[in-house]
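Visitor: Turn this into a structure:
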Amino acid sequence: MRFGHCELPYGLFLAPMAGVTDRAFRQICALHGAEYTFSEMISAKAVHYNDKKTAELAAFEENEKPLSIQIFGHEADIMAESAAKLADNTYAHCTNTAIPCGIDINMGCPVHKVAGNGDGSALMKDPKTAGEIVRQVVDSQPLPVSVKIRSGWNEAGRNAVEIACIAEANGACAITVHGRTREQMYSGRADRSVIRDVKRAVSIPVIGNGDVFCASDALQMLEETECDGIMIGRGAYGNPWIFEEIRAALEGKSYTPPSYRERMATALDQLRRMIAYKGERIAIPEARKHMGWYVRGLRGSARVRGRINELCTYEEVKTLLEEEMEGGERGSD
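Guide: Numbering: from 1, shown residues only. Sure thing, here's the model as predicted:
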């Protein structure tokens, strides 16, 4: 599929996830088959006010592309101003020398601290503002603009098709659809029919998102929705190999899951990258959830997770995981 200016043979995307898809995790997933990644969501207002931490969230290098910066907010002028700054690295505290491949507008985040301020999925309740935001962001800078939405605010307000058509009319290059309403949060099952309906309503590429945890889920998504690409979110937690698994299925090839040793080695690789970007004091606490995801489902995983949560240095985590690697392959709990 074509996404913005990028040709993607498989159409496999890593979803933008706050507190998860930092530079280290994006790099690990790209090494294992993710063709396109997104920054953690960036507050347009924070860019407007020159917040230093936000600049760190938007940091990346040329070899990390293709990548889009995702922004959220509800004020079209501030969204446009921030998009322009992010598109050419003219915002305060920026350390980037590379230009992103696109700008993604978040109209899907369901968490209260975002939607409660009128941002994220709350924009689906205000189609006029949603359209104005897309238009101003498109007009403010030269990069392709994509939009990520949900099926609607609630069951009575399922308007993904309407919002997608508005986004396309205002210049969006692609739409990602998560098949849940904001009211559902992450409960229940994603409704793939809404992704299919959006695909049939617009002429721009549509990326399906929601409940893809293995290659079989991905193939079913493609068959049931006719979408152009697949975005993986929670399915990549501790499992960056999901992209390789899906690629193999699309090619009709067999897939061999990583060994216990490979999982632990990849976990340490990600931790080293996190420390390089954030320093040990910040990286270790943030990495605990990732390390827990890597050992999930393996024999003794509860014990290992408990120990990880008590460790404070890279050497301590390394020693623990190397001890686990010495055991070689372990069975499931």
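Visitor: Run through the helices of the stretch 101-250 of the chain in chain order.
Guide: Here the stretch 101-250 of the chain has its helices, by DSSP state H, counting those that start in this stretch, at 112-115, 127-140, 160-169, 192-201, 215-225, 242-250.
Visitor: how about the CA coordinates for the last one, as CSV?
Guide: The C-alpha trace of helix 242-250 is given here as CSV (Å, rounded to 0.1, in the frame of the first residue of the first chain):
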residue,chain,number,x,y,z
ILE,A,242,4.2,-10.3,15.5
PHE,A,243,5.2,-8.3,12.4
GLU,A,244,7.4,-11.1,11.2
GLU,A,245,4.7,-13.6,11.9
ILE,A,246,2.2,-11.6,9.9
ARG,A,247,4.7,-11.2,7.0
ALA,A,248,5.2,-14.9,6.9
ALA,A,249,1.5,-15.6,6.8
LEU,A,250,1.0,-13.0,4.0
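Visitor: For the next helix or strand after that helix, which helices and strands make contact with it?
Guide: Next along the chain after helix 242-250, taking DSSP states H and E as the criterion, comes helix 260-278. Judged by 3 or more CB pairs under 8 Å, 6 or more residues apart in numbering; DSSP states H and E, helix 260-278 is in contact with helix 23-31, helix 280-295, helix 314-326. Where C-beta positions appear, they are placed from N, C-alpha and C, glycine not excepted.
Visitor: Tell me the buried residues in helix 260-278?
Guide: Under the neighbour-count criterion of 16 or more other CB atoms under 10 Å, helix 260-278 has 260-261, 263-268, 270-271, 273-275, 278 buried.
Visitor: Distance to E310 for those residues - can I get that in TSV?
Guide: Formatted as TSV, those follow (distance: CB to CB, whole Å):
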residue	distance to E310
Y260	22
R261	23
R263	21
M264	18
A265	22
T266	22
A267	17
L268	18
Q270	19
L271	16
R273	22
M274	18
I275	18
K278	20
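Visitor: Reformat those residues into a markdown table and put distance to I163 and pLDDT next to each item.
Guide: Shown next, in a markdown table, are the buried residues of helix 260-278 (distance: CB to CB, whole Å; pLDDT from 0 to 100):
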| residue | distance to I163 | pLDDT |
| --- | --- | --- |
| Y260 | 44 | 87 |
| R261 | 46 | 89 |
| R263 | 39 | 91 |
| M264 | 43 | 91 |
| A265 | 43 | 93 |
| T266 | 37 | 96 |
| A267 | 38 | 94 |
| L268 | 42 | 95 |
| Q270 | 35 | 97 |
| L271 | 39 | 97 |
| R273 | 36 | 97 |
| M274 | 35 | 97 |
| I275 | 40 | 97 |
| K278 | 35 | 95 |
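Visitor: Contact partners for F213?
Guide: R234, G235, I242 (CB atoms under 8 Å, 6 or more residues apart in numbering).
Visitor: Quick check: it vs G238, distance?
Guide: Here F213 is placed at a distance of 12 Å from G238 (CB to CB, to the nearest Å).
Visitor: do the same with S259
Guide: 15 Å.
Visitor: Looking at these two, which is more packed in?
Guide: G238 (19 against 13; other CB atoms under 10 Å).
Visitor: Tell me the confidence at the residue lying closest to that one once chain neighbours are set aside?
Guide: Of all residues not flanking G238 in the chain, W293 sits nearest, at 2.7 Å (CB to CB, 6 or more residues apart in numbering). pLDDT, the model's per-residue confidence, is 95 for W293.
Visitor: Could you give the number of residues near W293?
Guide: Around W293 there are 18 other residues, counting by other CB under 10 Å.
Visitor: can you check A46 too?
Guide: Using other CB under 10 Å, A46 has 20 other residues around it.
Visitor: Check whether it really touches E56, as I assumed.
Guide: No. With contacts counted by CB atoms under 8 Å, A46 stays clear of E56, the gap being 11.0 Å.
Visitor: what about S254, how many neighbours?
Guide: By the criterion of other CB under 10 Å, S254 has 7 neighbours.
Visitor: OK, contacts around the closest residue to it other than its chain neighbours?
Guide: Spatial nearest neighbour of S254, chain neighbours left out: A248 (6.7 Å); criterion: CB to CB, 6+ apart. A248 sits next to A215, S254, Y255 when contact means CB under 8 Å, 6+ apart.
Visitor: Can you tell me how far the residue nearest to the last one when sequence neighbours are not counted is from S259?
Guide: Right, the one you point to is Y255. In space, and not counting its chain neighbours, Y255 is closest to A248: 4.0 Å by CB to CB, 6+ apart. As judged by CB to CB, A248 and S259 stand 16 Å apart.
Visitor: Noted, bye for now.
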